[in-house]
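A.B. asks: fold the following.
(2 chains)
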Amino acid sequence: MDYDKLAELLFPEITKTPEDYETIYPQRELPEGAKVTRLGPSPTGFMHLGNLYGAFVDERLAHQSGGVFYLRIEDTDDKRYVEGAVDVIIDSLDFFGIEFDEGAGRSGDTGEYGPYTQSERKDIYQCMAKHLVREGMAYPCFLTEEEISAIREKQEANKEMPGIYGRYAACRDLSYEEVEANIAAGKPYVLRLRSGGNIDDPEEIKVRDGIRGTLTMPENCQDTVILKATGIPTYHFAHVVDDHFMRTTHVVRGEEWLSSLPIHVELFKKMGWRWPLYCHTAQLMKLDENGNKRKLSKRKDPELRLGYYKEMGYHPAAVREYLLTILNSNYEEWRMAHPDSPVDDFAFTTKKMSTSGALFDLNKLNDISKDVLVKISAADLYAFMLQWAKEYRSEIVPAIEGREDYLLPILDLGREGKKPRKDFVNAPQMFEFISYFFDEYFKVEDSLPQEVPAEDAKKILGEYLRGYDHADDNGVWFDKIREIAGRLGYAERPKDFKNEPEKYKGHVGHVSEVIRLAVVGRSQSPDIWQIQQILGEERVRSRIEKYAASI
RNA sequence: GCCCCGUUAGUCAAGCGGUUAAGACGUCGCCCUCUCACGGCGAAAACAUGGGUUCGAUUCCCGUACGGGGUACCA
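C.D. replies: I've put the predicted structure just below:
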C-alpha cells in the first residue's frame, strides 16, 4: 500500500504540512513555569457549576503563574450548537469574575493561536489526519452503521471487548484500488486511527495526573474514529491537535474523560508530540431526590445550573469563595488566617484538589455568603440588590431604586464594630430582612409573647409613647423601657426573672418585644433604637398607635 | 458484561504505618445579652466490609459491597 498516494486521494486539497503549522503556531514566549490553560465548552448555552469549578482551576493556574487562559469553543458536534451560546458562556463566567486572556470572544477572536472555534479549524485537523494517513497510522473506514452493530452483537455473543480493533477492523487493510473504488462509488467513510495496541495483551501505560498522581491504565487498542464522515474531527482528535498547537500546558477536565485518556496518549505519541499535564477533576454531586440516596450526577439539576445562583441572588463573590473552599482543602484554613487578603494571594495547587466528588452543600454556601457579604460595603450591597431586583423581582424595584440615601444606613445596621452582624445571605433574603423599613411591605407578622396579656401590651405602648423622646440616646431610651417594665410588674433584668420567676409576669425583654412588634412587626430584629432613628419619629409614633389600637 | 476512578461523622474535609483520628458547615447545650444575629466555650457524631502484609494498620496489597464515569461518526 502506497500511503502517500492514499493520503493524496483522501486529502487532495491539503497542501500544508504539520511543520508549516509548527511555524504558524510557535512555542509561546512566556516566563519560566507559566501555565497555559483553556476552557473548552461546547456551545449548548448551558453552563453548570462544574464548568465554573473547572474554569476556576484553569484561571488560577494560568494567572497565578503569569500564563495564559483562553476560551476555545468545542463545536465539533453540530447537533449541540445553540445560537448566542458563546455570549452566555462569556457572560456567566464574567459574572463570577473570570476573564479570558485570549480566545473566542463576543466579537471575534483575540490571540495568535486561533481560530478558537473548532468548526473553523477543519484544515488544520485534516492536515494532521493526512499526515497520519501518510505514515500509515490512520485509514479510511467504510463500515456502515449496520455493519458496526452486527460486529458489536457478535462481540457481545462471544463475550469479547466491543469496538473496532484488530481483526474486526475490516477496512484496515483495504488496497488502494478498493479505497479508490469505494470513494468513486460515493460511499461515506470515516477516518480511523490504526491503533498499535495489542488487544489480547495490552501494555500498561503510566500517565501523570496533576490531581491524582500517576495513573496506570491499559494502552488503547481501539481504532477510534478521528475524523467523522463530514471531515470534522471527533473530540479526541480535536483535543490533541488543538492543545498541541495552542500550546496548552495543563488540561483541566472532568473525570469522565479518564477512560479515554489512553486514546489521547496514543494520538499524542503517534503525532510525535508531548502531551500536557492532565488534571482530572472530581465531579460535583447531588443528593438523589426520592430516597435521598448517595450521590447522583449533575446535568439539568437546577442548583447545578450556573444561572441558578444569580437568580437566587447569591453574590458572585460568595459563590467564588464557596467554590474555592471546595477546590482546595487548605483554602478555608488559609482564609481564617488571612481574612482580608485578596483571593489572588492564596497559592492554589492541583495537588490539594479532591479526587472524590463533592456534594453541593447549601448550608455551607449560606454560611460563607454571610462572611463574604459582611465585608461588602453598603453601597455595593445596595447596587447588587437593585441589580438583582431589576432582573428577577421587578415589583420591588420601586421600593429600592433611587432610595440609596435611605437604604445605606439600613444595610449597615449593626455592622459596625469588631463583631458586626452577619444578617445577609442573598438578595431576596436581604430584602425580606429589611422589608419592614418599607411602609408598603410593613405588617405585623408575629403575635404577643405569652408573658404579656393584651391589656399590659396596651399599657406598655401607651406609656412608651407618652415618654418617647426621639432625641434620647440609646441608654436613656432603654432606661425608660426598664422603668415601664418595673412599673407593670416585669423584671427590669432578665436574670431577676430567671432567678425568681414567681415574682414577675415576665422581664424587660418581653416588654421590649411588644415595642419591637409595634415598630418592626416581628419579635426579632436588630437594635430597635437604631431602627427608630432611621424610621424617624413620625413613623415610629404612627406604627405604635396603630398597633396599640389593633390589640 | 467489560474497563477505569472513588469510599474518613448528616455534609465538606485533614491525615501518607504508631495521632486522645484535625478543622469547617449543620445539630444540641452553656455564656454574653432587651429579642435575634454576632462572638466565646463545650457536646454528640466517622475511618464501607472481609481477608492478608506487619510488632502495629484509617494509612500498603487482594477480594466483596456501594457510588460515579466510560464502553458513540456526544462532548
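
A.B. asks: A:N198 against A:E204, yeah?
C.D. replies: No. Using CB atoms under 8 Å, A:N198 is not in contact with A:E204, being 11.5 Å away. Heads up, the C-betas are built off the backbone N, CA and C, glycines and all.

A.B. asks: of the two, who's got more company?
C.D. replies: Set A:N198 next to A:E204 and count neighbours by other CB atoms under 10 Å: A:N198 wins out with 13 against 8.

A.B. asks: is the more buried one within a helix or a strand, and which one?
C.D. replies: When elements are assigned from DSSP states H and E, A:N198 belongs to no helix and no strand.

A.B. asks: once you drop chain neighbours, what's closest to it?
C.D. replies: A:C221 (6.7 Å; CB to CB, 6 or more residues apart in numbering).

A.B. asks: same question for A:Y25.
C.D. replies: Distance criterion CB to CB, 6+ apart; nearest residue to A:Y25, sequence neighbours excluded, is A:F245 at 4.3 Å.

A.B. asks: how many residues are close by the one you found?
C.D. replies: Counted with other CB under 10 Å, the neighbours of A:F245 add up to 19.

A.B. asks: so what touches the host helix or strand of A:M128?
C.D. replies: For A:M128, the host element (DSSP H and E) is helix A:122-134. Contacts to helix A:122-134, defined as CB atoms under 8 Å, 6 or more residues apart in numbering, come from residues A:3-4, A:6-7, A:10-11, A:14, A:16-18, A:20-21, A:138-140, A:191, A:193, A:226-227, A:231-233, A:237-238, A:241, A:245, A:270-271.

A.B. asks: again, 6 Å this time
C.D. replies: Helix A:122-134 is touched from outside by A:3-4, A:6-7, A:10-11, A:14, A:16, A:18, A:138, A:191, A:227, A:233, A:241, with contacts defined as CB atoms under 6 Å, 6 or more residues apart in numbering.

A.B. asks: quick check, the residue in the stretch 401-550 of chain A closest to RNA strand B?
C.D. replies: Relative to RNA strand B, the nearest point of the stretch 401-550 of chain A is A:G509 (2.7 Å; CB to the nearest atom of the strand).

A.B. asks: does that residue count as helix, strand or coil?
C.D. replies: State at A:G509, reduced to three classes by DSSP: H, G, I helix; E, B strand; the rest coil: helix.

A.B. asks: how much space between the closest residue to it other than its chain neighbours and A:S525?
C.D. replies: Of all residues not flanking A:G509 in the chain, A:P494 sits nearest, at 5.5 Å (CB to CB, 6+ apart). The gap separating A:P494 from A:S525 is 18 Å, by CB to CB, to the nearest Å.

A.B. asks: who has more neighbours, these two?
C.D. replies: A:S525 (20 against 14).

A.B. asks: residues in contact with that one?
C.D. replies: For A:S525, the contacting residues are A:R516, by CB under 6 Å, 6+ apart.

A.B. asks: that one should be in a helix, yeah?
C.D. replies: No. Counting by three-state DSSP, A:S525 is not found in a helix; it is coil.

A.B. asks: phi, psi of it?
C.D. replies: The phi/psi pair for A:S525 (degrees, to the nearest 10) reads phi -170, psi 170.

A.B. asks: A:Y21 too?
C.D. replies: Recorded main-chain torsions at A:Y21 are phi -70, psi -30, according to degrees, to the nearest 10.

A.B. asks: that one and RNA strand B: what is the separation?
C.D. replies: As judged by CB to the nearest atom of the strand, to the nearest Å, A:Y21 and RNA strand B stand 21 Å apart.

A.B. asks: could you do A:E332 as well?
C.D. replies: Look at A:E332 and RNA strand B: by CB to the nearest atom of the strand, they are 6 Å apart.

A.B. asks: now that residue, nearest residue through space, not along the chain?
C.D. replies: Distance criterion CB to CB, 6+ apart; nearest residue to A:E332, sequence neighbours excluded, is A:T325 at 4.9 Å.

A.B. asks: quick one: average confidence on the one helix or strand the one you found maps to?
C.D. replies: A:T325 belongs to helix A:316-327 when assigned by DSSP H and E. Mean pLDDT, helix A:316-327: 90.

A.B. asks: return the alpha-carbon coordinates of the next helix or strand along the chain from that helix using PDB.
C.D. replies: Where DSSP H and E defines the elements, the next helix or strand beyond helix A:316-327 is helix A:331-337. Presented in PDB, the C-alpha positions along helix A:331-337 are these (Å, rounded to 0.1, in the frame of the first residue of the first chain):
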ATOM      1  CA  TYR A 331      -8.300  27.200  51.500                       C
ATOM      2  CA  GLU A 332     -10.600  27.500  54.400                       C
ATOM      3  CA  GLU A 333      -7.700  27.300  56.800                       C
ATOM      4  CA  TRP A 334      -5.800  30.000  54.800                       C
ATOM      5  CA  ARG A 335      -8.900  32.200  54.800                       C
ATOM      6  CA  MET A 336      -9.200  32.100  58.500                       C
ATOM      7  CA  ALA A 337      -5.600  33.100  58.900                       C
END
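
A.B. asks: so what does helix A:331-337 touch, helix or strand wise?
C.D. replies: Where contact means 3 or more CB pairs under 6 Å, 6 or more residues apart in numbering; DSSP states H and E, helix A:331-337 is packed against helix A:316-327.

A.B. asks: CA-only coordinates of the helix it packs on in CSV, if you can.
C.D. replies: C-alpha atoms of helix A:316-327 as CSV (Å, rounded to 0.1, in the frame of the first residue of the first chain):
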residue,chain,number,x,y,z
PRO,A,316,-20.7,36.2,42.9
ALA,A,317,-18.0,36.7,45.5
ALA,A,318,-19.8,34.3,47.8
VAL,A,319,-20.1,31.6,45.2
ARG,A,320,-16.4,32.1,44.3
GLU,A,321,-15.4,31.8,47.9
TYR,A,322,-17.5,28.7,48.3
LEU,A,323,-16.0,27.1,45.2
LEU,A,324,-12.6,27.9,46.4
THR,A,325,-13.2,26.1,49.7
ILE,A,326,-14.3,23.0,47.7
LEU,A,327,-11.5,23.4,45.3
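
A.B. asks: now for it, which elements pack on it?
C.D. replies: helix A:331-337, helix A:362-373.
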